[in-house]
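**Student:** Okay, structure incoming, though there's no sequence with it:
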Ligand SMILES: N[C@@H](CCC(=O)N[C@@H](CS)C(=O)NCC(=O)O)C(=O)O
């Protein structure tokens, strides 16, 4: 049994999609339903970075104590290796799949994440330079993906892999940052193909329309502080 500490965001959905694809027995735990606090010392024993997602495998390969994994990319690799699926054992293919996974983790995630932040949550009016910088960089990465998917069925090559699971949830929400997926036909072809997979539909249930629409989301002072402000920073500075 794997406990998955989860939040319904693109990083969270990568892992729920992977768990569904790989047929692993798991339990999704959310802060609201299960009462954990990512800013607590207890949670930092699972994820020292105090973020979601994170997993605890109660039946790790080789046995022994339950094993915790944080960072969505590391979780995808761990699950792929545990189940022997969606990550090739051929050196070249595996490297290509990992290159596109790392590209997502180091590029698409942070850049689209910051673009989402400035479009949705930054105290208004957002800094125009920050808004432009992150939106343009996010868009540049979409061009890179579109070109890649013109020459290759999937991001990691001929086979669907954890590289696709990592990028798909982010490309599902691009209109929030005013990038229309329909303007990128090769990316769109791949997107629809992945969207049709039953495991993807189970791991990423249809999102409420408000999550897919552009627009500022006002947060009350406490939610803002816990997510982005003083409460979050104070908790992360504490021993
Ligand atoms: N690089 C990390 C990013 C983790 C991250 O920033 N998670 C966000 C959600 S996407 C988070 O935990 N935010 C605080 C919260 O949701 O309460 C990963 O891919 O796992």
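**Tutor:** That came through fine. Since this is a predicted model, take the numbers as computed values, not measurements.
**Student:** Could you list the contact residues of this protein toward the ligand?
**Tutor:** 7, 9, 11, 38, 51, 52, 53, 71, 72, 109, 227 (CB under 6 Å from any ligand atom). For glycine as for every other residue, the C-beta is placed from the backbone atoms N, C-alpha and C.
**Student:** What's the separation between the first one and residue 87?
**Tutor:** As defined by CB to CB, to the nearest Å, residue 7 lies at a distance of 24 Å from residue 87.
**Student:** Pick out whichever of these two has more residues nearby.
**Tutor:** residue 87 (21 against 16; other CB atoms under 10 Å).
**Student:** coming back round to it: tell me the most packed of the residues of the chain next to the ligand, by neighbour count.
**Tutor:** Busiest of those [other CB under 10 Å] is residue 72, holding 29 neighbours.
**Student:** Quick check: that one touching residue 105?
**Tutor:** Yes - counting by CB atoms under 8 Å, residue 105 is a contact partner of residue 72 at 7.4 Å.
**Student:** shared neighbours, these two?
**Tutor:** residue 166 (CB atoms under 8 Å, 6 or more residues apart in numbering).
**Student:** And the contacts of the helix or strand of the chain with the lowest mean pLDDT?
**Tutor:** Every helix and strand of the chain was ranked by mean pLDDT, DSSP states H and E. The lowest is helix 209-212, at a mean of 84. Applying CB under 8 Å, 6+ apart, the contact partners of helix 209-212 are 172, 173, 175, 176.
**Student:** try 10 Å
**Tutor:** Contacts with helix 209-212, where a contact means CB atoms under 10 Å, 6 or more residues apart in numbering, come from 8, 9, 120, 172, 173, 174, 175, 176, 206, 217.
**Student:** how many other residues sit next to residue 121?
**Tutor:** 17.
**Student:** typo on my end, it should be residue 73
**Tutor:** 19.
**Student:** Tell me if I'm right that it and residue 107 touch.
**Tutor:** No - contact criterion CB atoms under 10 Å: residue 73 and residue 107 do not qualify, at 11.6 Å.
**Student:** Okay, helices next: where are they in this structure?
**Tutor:** For the chain, the helices defined by DSSP state H occupy 10-22, 31-34, 41-46, 72-83, 91-103, 109-116, 128-151, 162-171, 185-195, 198-203, 209-212, 221-227, 230-237.
**Student:** for the longest one, which positions count as buried?
**Tutor:** Meaning helix 128-151. Counting neighbours by 16 or more other CB atoms under 10 Å, one finds that the buried residues in helix 128-151 are 131, 134, 135, 137, 138, 139, 141, 142, 145, 146, 148, 149.
**Student:** This completes my enquiry, with thanks.
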